[in-house]
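> missing the sequence, but the structure's below:
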Ligand SMILES: Nc1nc2c(ncn2[C@@H]2O[C@H](COP(=O)(O)OP(=O)(O)OP(=O)(O)O)[C@@H](O)[C@H]2O)c(=O)[nH]1
Ligand SMILES: [Mg+2]
């Protein structure tokens, strides 16, 4: 049962878009929701540096969900994110996909529109044909929508599993976090 409730989540995206900040906020911020999660998440935070790309690709396999981050204050990151997603899809076409616009606090502070129209992001998500979900307005600085993103992802993984094992929806699991470092991808486990 325990292994069934363990989901591998990959955090992908171009460099400096805020992937590590997102994971840190979720894993280490007490205000967030891990205590109510009902599954073990193994979160792999990848590097966005191009020189690590080949190594990061080794982590694309056997992933239940991928959070694809881009920075709506930086249009280049939107294009680069799509290119990373295409490569990911070739290796792992069955993964759930969550498109995540980061650094929303900057847009709010500067009263700016995102570089990419949220409707276009949604259209792109629809075109992926895998039920990709969009979270356009996350901020690791403020904690905006981060809990909601991971909660939705976890519930989606649990719902899929419940189709074959309905009892998983009644299972409660306690939570603690551990951190393990490696040189290009870091794993965070939530229990
Ligand atoms: N204002 C603001 N800054 C952010 C936010 N998230 C990340 N940053 C900043 O963006 C920069 C990059 O953040 P990281 O989390 O290291 O980005 P990354 O995607 O992990 O970068 P790589 O691992 O190099 O690919 C840092 O200076 C962060 O402080 C956010 O939500 N709001
Ligand atoms: Mg990082």
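Okay, I see it. It should be emphasised that the depicted structure is a prediction, and the values quoted were computed from it without experimental measurement. Ligands and ions are numbered 1, 2, ... in the order given.

> So which residue is smack in the middle of this structure?
residue 67 (2.5 Å; C-alpha atoms, centre = their mean).

> So which bits of the chain are right by ligand 2?
Residues of the chain found near ligand 2 (C-beta under 5 Å from the ion) are 19, 20. Using the backbone N, CA and C atoms, a C-beta is placed for each residue, glycine as well.

> In the chain, what residue comes closest to ligand 2?
residue 20 (3.2 Å; C-beta to the ion).

> okay, now that residue: neighbour count?
18 (other C-beta atoms under 10 Å).

> Same question for stretch 98-107: list its buried residues.
98, 99, 100, 101, 102, 103, 104, 105, 107 (16 or more other C-beta atoms under 10 Å).

> Quick one: check it for contact with ligand 1.
Yes - interface with ligand 1: stretch 98-107 contributes 102, 103, 105, 106 (C-beta under 6 Å from any ligand atom).

> Tell me the one among the residues you listed nearest to residue 153.
Distance to residue 153 across the residues of stretch 98-107 next to ligand 1 (C-beta to C-beta) is lowest for residue 102, with 15.7 Å.

> The closest one touches residue 16, doesn't it?
No - Residue 102 is beyond contact range of residue 16, at 9.9 Å (criterion: C-beta atoms under 8 Å).

> Could you pull up the residues touching the closest residue to residue 113 other than its chain neighbours?
Distance criterion C-beta to C-beta, 6 or more residues apart in numbering; nearest residue to residue 113, sequence neighbours excluded, is residue 107 at 7.3 Å. Listed by C-beta atoms under 8 Å, 6 or more residues apart in numbering, the contact partners of residue 107 are 72, 73, 113, 114.

> and the two most separated of those?
With distances taken as C-beta to C-beta, the most widely separated pair in the contacts of residue 107 is 73 and 113, at 10.1 Å.

> Comparing these two, which shows the higher neighbour count?
residue 73 (17 against 10).

> Does the nearest residue to residue 72 once chain neighbours are set aside belong to a helix, a strand or coil?
Distances taken as C-beta to C-beta, 6+ apart put residue 114 closest to residue 72, at 3.5 Å, once the chain neighbours are dropped. Secondary structure assignment for residue 114 (DSSP: H, G, I helix; E, B strand; the rest coil): coil.
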